[in-house]
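Enquirer: below are the sequence and a predicted model; questions follow.
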Amino acid sequence: MAVPPEAAGQAADSQGQRDSGGVRKALQRRERVVIRFVGDSGDGMQLTGMQFTTESALAGNDIATLPDFPAEIRAPAGTLAGVSGFQLNFASNQIFTAGDEPDVLVAMNPAALKANLDDVPANAVIIVDREAFTEANLKRAGYSSNPLTDHSLDKYQVIEVDVTKLTTLAVKGLGLNNRAVFRSRNMFVLGLLSWLYQRPTQSTIQYLETKFKKTPDVLEANLRVFKAGFNYGETTELFTSSYSVPAAQIQTGLYRNITGNTATALGFVAAAVKSGRPLFLGSYPITPASDVLHELAGFKNFPIYTFQAEDEIAGAASAIGAAFGGAIAITTTSGPGMNLKAEAVGLAVKTELPMVITDIQRAGPSTGMPTKPEQADLLISMYGRHGESPIAIIAASTPADCFECAYEAVRIAVKYMTPVILLTDGQLANGAEPWLLPSVDSLPPINVEFRTDPNGFLPYSRDEKTLARPWAIPGTPGLEHRLGGITGENLTGNISYSPANHELMIRTRARKIACITQEIPPTEAFGEPTGGDLVVLGWGSTFGPIREAVKQVREKGKKVSHIHLRYLNPLPKDLAETLRKFKTVLVAEMNMGQLLKLIRADYLIDAVGFNKIQGRPFKVSELVNRINRTLEA
Amino acid sequence: MATALTRKDFVSDQEVRWCPGCGDYAILAQVQKTMPEFGIEPHNVVFISGIGCSSRFPYYMKTYGFHTIHGRAPAIATGLKVTRPDLDVWVITGDGDGLSIGGNHLIHVLRRNVDLKILLFNNRIYGLTKGQYSPTSEVGKITKSTPAGSVDFPFNPITVALGAHATFVSRTIDVEQKHLGETLKRAHQHRGASFIEILQNCNIFNDAAFNDVSDKGIKADHQLVLEHGKSLIFGKNRDKGIRMNGMRPEVVTLGQGGVSETDLVVHDETNLALAFMLANFDAPLPTPVGVFYATSRPTYDGAMNQQLADAKAKQGAGDLEELLKRGDTWTVN
Ligand SMILES: Cc1ncc(C[n+]2csc(CCOP(=O)(O)OP(=O)(O)O)c2C)c(N)n1
Ligand code: SF4
Ligand SMILES: [Mg+2]
C-alpha cells in the first residue's frame, strides 16, 4: 500500500512539507495517536514502547501508556501465551487513558497479530514483519492460512515490511550472529515509527549508548538498525507522508516520564527525607509490586533500608519493628500478600504504630492473573482483619498520583500514629505518564516528634486534635514501656480485661481514624459542581477512562459529572451530601461493586454499579455507553 | 553510667501472672539478676516476644518491650535491630511460638545472623492454650489434642538452630540458675544471633518433662555440661565420659578397662560437626547443656548498615531534588 493511512490517528487538520534527502514527503498533523506494539516476549516490545514514550514525552506530547505483560516469563516463542504488548497514546491535547483501541498496530509475528486483532478497529494501520509470517509461525499461532494473503485483513491498512531482512542488511559486516541480529529488529521498528511520527531521536540514541557502553559492536548494530528503520520510512514508497503530533498545551515546568511503581517508591523516599527519618521497607517479591522493592534498594544513601523478608508476614512484621524504633516503615505487596499480612496489620492497629501497607492490586482470587489489574482489594483493606480494626486507606488514580499518595500515606500514618493502606494496581504500577516534578519545598511538612519528656508519660495518652498517641521510641530514658496486642488499659496500655475499657479503646481508635477527615480537601465534582443528572463515582486507576468518558458525554451536552476518591477510609466528610446533589450515582469499579457497597451501606444512597472484572481497564466507549444507558433509563 | 545498675532497675511494676511453680519465674529472676552486669541502661534494652505463656515475659521487664503476635517476634526484632543497631534486643519465644507457627522466621533470623539474643523456653507443650502437644513433644505424647498419642516426630531445637547455621547455639535449664546466668552472659557477649534453648518446666501441663536433667537426685548422671577445651565428663562421681568408638560416641567409665581422660572427647565450640553430634545425644548418652557451637560471622544488621554507610560515602547523602530529576526530563515553557 503506497498511500499513507488516513486513519493513522484522529483529525488530520493541516498539511506540511518537509525536505529530506531529496525525497519530499508530506507532513500531516494529528491530534492524537494510539500505537500498540506487540510481539513475542523476547522481541523487546516493552523497551520499544518505553523508548517511543520517552521520545514522545520529549516532543512535548501528553502521553499515557499501558503495558500488557504475558503471565509466563518465557512462553514458547511464537505462541499466543508469549505475546507481550505496549500501548501508547500520545497527543497534542490532554489525554487520560492509553486509548481504547490502537490506530496503529505493530505486530512482530502472527501470534501477536492474532492475539490483538479483536481490539483493532477497521481502517486502522497494521504494520507487520512479513518474514515472520512463516508456515511454522502461522501454525504456532493457530492460523490455518496466512492472513497477509487470504484477504482476512482487507478491512485494515496493512503495511508489510521486511523487518528481519532490512535489519540483517543494516548490520552486515559487523559479524553479529543471527540471534543478535534478530534481537535488534525492534530497533528497526522503533526507527520506522520514530520517522513516521517525527519523533526526536536523541533520547533513544543516548539510551543505546548508555546501555551498550561495554559492548561497542552491539551498540553499533543497534544504532545502525535504528537509523535504518528511520531512513527506511523516509525513502520507501510505502509511506508518502509522515505525521506530526504537536506539543500539548500543558502546565509549564520540568517533567519526567514516570510509572506508578517508580512514583510510589519516590513518594516514600520524599516522605522519609521530609520527615528526617530513615526509611525501612520490609517486602517479599510479588508481581506487580517487586519493582518498588527494586527501586528503593538502589537508594541506600538516603538512608533507606530494604529488607527482603522470608515471607509477607515477616515483611509487615519487620516494618512494625522498624516503626517501633522510629523509622518510616513501609511494606509492599500485592493481593495474596495482603492476606498474609492481615494479622500483623491488626497488631499495628492495636499498638497504634505508623506504617504504610502498599497493595499493588492484581486480579484475584488466589493467584488469579498476576500481571493484570483489578480493584477487588478494597473490602479486604477495609475489613480484612479480625476484630474492629479500622485503618486509613488511600488510593492512587494515575501513575504520577502514586507519588502524592505514597507521600500522603506516610504523612497521615505519622501524624495519626496509625497504619495506612495505600492501594494502587498493576495498571498504575507499569503504566506511565508525564509527571510535573514537584519542588521539594512545596511538599507538605511531615513532622516527626518523638516523645522525650518522661514527666506524665503515658503510652496511650492522646493529642487533642488528632487523637494520636505519643511516638515513644526505645533508647529514650524514662519512657520504658511495653506494647502488645492484648487489650490495654486506656492511657497506660497495661493489660486490661475490663469490658468497658475494651469498648472505650475500640471506639477511641475508630474516632481517631474518623478524625482524618480533617485532612481531606472538599469533594470536587468535575462537570456540574452543584449537582446534575448523573455522577460517576470512582477510585483508583479508573480515573483516566472515567474522566475521558465524562468529558465525551458532556461534549454532547449531557449533565454528567465525575467524582474520584483518593481517601477511601475515612471517606470525605462532605461526600454523602455531594452525592445527594445528583439524581443518579453510578459507581464504576473493576470489581463486583465494593465501593458501591460502602456507599450504599454508609449513606443509604441508592447508587448503581458498573463493574468490569476482566483484568483490563474500562474502555472509554464502555463507560460512555453505560452512562448513556443509565441516563436513558 | 552514673550509678551502678541493680536488679531492681529491670523489674517492672506489673504483677507476674504465671502459674505458681512455673519454670518461667526462675528464668525471669535470672534474667533480671544478670541484666545489670551488662551495664546497659534499661532504656536501651528491648524485649520482643510472640505469643504463649513464655511470651508474657516482656511485661515484667522494666525495659522497652513488645508482646507481638504468634511466632513473628524474630521478624519484628529484625526490623528494629536493623534500623536501631544501638539497641540491645532480646527475643523471647516458646517451643510452639518459635518452632511451629514461627519456625520459618526463626530459621531465617538465625541464618541471617541478626544481632539478637533469642531465648526459646522449651516446655515441650503448648502452655497458654492449655496443654496441646508441641513440635518438641516426644512421639506418643498424650494430650487433649492427641488422646491416642502424638504420631509426629519432634524437632530438636539445637539441631534446628545448627541446621540454620546459627552462630551461637546453647542450652540451659530453668532451675540451673548459675548455668543459666552464665549462658546468658556468653550469649550476650556474642555478636550475632545467639540462640539459647532453656528447658523449662510447665508444672501444669507437662510437669517433670526434664526431670532427668533437673532433678537433684538423678541429674548428675544425665546432664553433660559442655565446656570449651574440656573433656566430656559427667556423673555424680565425675567418672563418666564420652569416648569415640570409631564414628560413634559412647559412654565410658574412667578408670575402667584402662580408660583415662585422654581417651575422651574434648569439647570444641568451633566444631560444627561435633556440635551436631552432641545435639543428637539420646539416652543412654547424657543430655548436653552449655554452648554447643559458637562462631563468628558478619551480622545482617551490621552488613546492611555498612552498605548504607558505603553508599553514603560513595554517593554522598541522598539528594531528593536530584533523585526526582533522574532519567529523561524535559521542560514545558
Ligand atoms: C495466630 C494464632 N494462632 C493461635 C494462637 C493460640 N496460641 C497462643 S499461644 C499458643 C501456643 C504457645 O505455645 P508455646 O510457644 O510453646 O508457649 P508456652 O505457652 O508453652 O510458653 C497458641 C497455639 C494465637 N494466639 N495466634
Ligand atoms: S501453663 Fe505451664 S507454662 Fe504456662 S504459666 Fe502455667 S506452668 Fe507456666
Ligand atoms: Mg511451650
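Expert: Ah, there it is. Ligands and ions are numbered 1, 2, ... in the order given.

Enquirer: use CA for all of it now, contacts and neighbours both
Expert: Noted.

Enquirer: wait, is A:Ile126 part of a strand?
Expert: Yes. Counting by DSSP: H, G, I helix; E, B strand; the rest coil, A:Ile126 is part of a strand.

Enquirer: distance check, it against A:Glu160.
Expert: From A:Ile126 across to A:Glu160, the span is 8 Å (C-alpha to C-alpha, to the nearest Å).

Enquirer: again with B:Ser55
Expert: Using C-alpha to C-alpha, one obtains 71 Å as the distance from B:Ser55 to A:Glu160.

Enquirer: more neighbours, the two?
Expert: B:Ser55 (28 against 15; other C-alpha atoms under 10 Å in any protein chain shown).

Enquirer: report the contact partners of the nearest residue to the more buried one once chain neighbours are set aside.
Expert: Nearest residue to B:Ser55, sequence neighbours excluded (C-alpha to C-alpha, 6 or more residues apart in numbering or on different chains): B:Ser49, at 4.9 Å. Residues near B:Ser49 by C-alpha atoms under 8 Å, 6 or more residues apart in numbering or on different chains: B:Ser55, B:Arg56, B:Phe57, B:Pro58, B:Phe66, B:His67, B:Thr68, B:Ile69, B:Ala73, B:Val91, B:Ile92, B:Thr93.

Enquirer: please repeat the previous calculation with a cut-off of 7 Å.
Expert: Contacts for B:Ser49 (C-alpha atoms under 7 Å, 6 or more residues apart in numbering or on different chains) come out as B:Ser55, B:Pro58, B:Phe66, B:His67, B:Thr68, B:Ala73, B:Val91, B:Ile92, B:Thr93.

Enquirer: run through the bridge partners of the third one.
Expert: In other words, B:Phe66. A:Leu483, B:Ile48 (DSSP bridges).

Enquirer: gap between it and ligand 2?
Expert: To ligand 2, B:Phe66 is 19 Å away according to C-alpha to the nearest ligand atom, to the nearest Å.

Enquirer: can you check the last one too?
Expert: In this view, B:Thr93 and ligand 2 are 12 Å apart by C-alpha to the nearest ligand atom.

Enquirer: quick check, A:Val535 in contact with A:Val587.
Expert: No. The criterion here is C-alpha atoms under 7 Å, and A:Val535 misses it with A:Val587 at 8.3 Å.

Enquirer: more neighbours: which of these two?
Expert: Neighbour count, other C-alpha under 10 Å: between A:Val535 and A:Val587, A:Val535 has more, with 29 against 24.

Enquirer: where does the nearest residue to that one once chain neighbours are set aside land on pLDDT?
Expert: Using C-alpha to C-alpha, 6+ apart and skipping residues adjacent in sequence, the residue nearest A:Val535 is A:Ser561, 4.5 Å away. A:Ser561 carries a pLDDT score of 98 in this model.

Enquirer: what's near enough to touch A:Ser561?
Expert: Contacts of A:Ser561 by C-alpha under 7 Å, 6+ apart are A:Ala525, A:Phe526, A:Gly527, A:Glu528, A:Leu534, A:Val535, A:Val536, A:Val550.

Enquirer: tell me the SS of it?
Expert: Assignment for A:Ser561 (three-state DSSP): strand.

Enquirer: so who does A:Pro116 touch?
Expert: Wrong residue type there; residue A:116 is Asn, not Pro. By C-alpha under 7 Å, 6+ apart, the contact set of A:Asn116 is empty.

Enquirer: run a quick neighbour tally on A:Glu220.
Expert: 16.

Enquirer: what about it, which helix or strand?
Expert: Using DSSP states H and E, the element containing A:Glu220 is helix A:216-235.

Enquirer: what mean pLDDT does that helix have?
Expert: 94.

Enquirer: name the helices or strands packed onto it?
Expert: Helix A:216-235 makes packing contacts with helix A:163-170, helix A:185-196, helix A:202-211 when contacts are defined by 3 or more C-alpha pairs under 7 Å, 6 or more residues apart in numbering or on different chains; DSSP states H and E.

Enquirer: list the buried residues for the last one?
Expert: Put plainly, it is helix A:202-211. For helix A:202-211, burial by neighbour count (16 or more other C-alpha atoms under 10 Å in any protein chain shown) applies to A:Ser203, A:Thr204, A:Ile205, A:Leu208, A:Glu209.

Enquirer: state the distance from the residue nearest to B:Ser55 to B:His67.
Expert: Using C-alpha to C-alpha, we find B:Ser49 at a distance of 5 Å from B:His67.

Enquirer: identify the contacts common to the two.
Expert: Common neighbours of B:Ser49 and B:His67 (C-alpha under 7 Å, 6+ apart) are B:Ser55, B:Pro58.

Enquirer: and the stretch 101-250 of chain B, which residues reach ligand 1?
Expert: Contact residues (C-alpha under 6 Å from any ligand atom) of the stretch 101-250 of chain B with ligand 1: B:Asn123, B:Ile125, B:Tyr126, B:Gly127, B:Leu128, B:Thr129.

Enquirer: among these, which are within reach of ligand 2?
Expert: B:Gly127, B:Leu128.

Enquirer: and for residue 223, the neighbour number?
Expert: As the question left the chain open, I've gone with chain A. Residues near A:Leu223, counting by other C-alpha under 10 Å: 23.

Enquirer: oops, wrong one, chain B.
Expert: Counted with other C-alpha under 10 Å, residues neighbouring B:Gln223 total 20.

Enquirer: go on, A:Asp453?
Expert: Neighbours around A:Asp453, by other C-alpha under 10 Å: 12.

Enquirer: quick revisit: what subset of the contacts of B:Ser49 is buried?
Expert: B:Ser55, B:Pro58, B:Phe66, B:His67, B:Thr68, B:Ala73, B:Val91, B:Ile92, B:Thr93.

Enquirer: identify the residues contacting the closest residue to ligand 3 within the stretch 101-250 of chain A.
Expert: Per C-alpha to the ion, A:Lys211 is where the stretch 101-250 of chain A lies closest to ligand 3, at 56.4 Å. Shown in contact with A:Lys211 (C-alpha under 7 Å, 6+ apart): no residues.

Enquirer: one step back: nearest to A:His386, of the contacts of A:Ser561?
Expert: Checking the contacts of A:Ser561 against A:His386 with C-alpha to C-alpha, the nearest one is A:Val536 at 32.3 Å.

Enquirer: what's the residue nearest the centre of chain B sitting at in phi/psi?
Expert: What sits nearest the mean C-alpha location of chain B, by C-alpha atoms, centre = their mean, is B:Ile196, with 2.2 Å. Dihedral pair for B:Ile196: phi -120, psi 120, per degrees, to the nearest 10.

Enquirer: who in chain B is up against ligand 2?
Expert: So chain B meets ligand 2 at B:Trp18, B:Cys19, B:Cys22, B:Cys53, B:Gly127, B:Leu128, B:Cys202, B:Asn203, B:Ile204, B:Phe205 (C-alpha under 6 Å from any ligand atom).

Enquirer: buried among the residues you listed? Need that as a selection in ChimeraX.
Expert: Selecting only the buried members of these in ChimeraX, with burial defined as 16+ other C-alpha under 10 Å, works like this:
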select /B:18,22,53,127,202,203,205
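
Enquirer: adding secondary structure and pLDDT, write the residues of chain B next to ligand 2 out as CSV.
Expert: What follows is these, written out as CSV (DSSP: H, G, I helix; E, B strand; the rest coil; pLDDT from 0 to 100):
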residue, secondary structure, pLDDT
B:Trp18, coil, 98
B:Cys19, coil, 98
B:Cys22, coil, 98
B:Cys53, coil, 98
B:Gly127, coil, 98
B:Leu128, coil, 97
B:Cys202, strand, 98
B:Asn203, coil, 97
B:Ile204, coil, 98
B:Phe205, coil, 98
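
Enquirer: what about ligand 3: which of the residues of chain B next to ligand 2 touch it?
Expert: Under the cut-off given by C-alpha under 5 Å from the ion, ligand 3 has nothing from the residues of chain B next to ligand 2 close to it.
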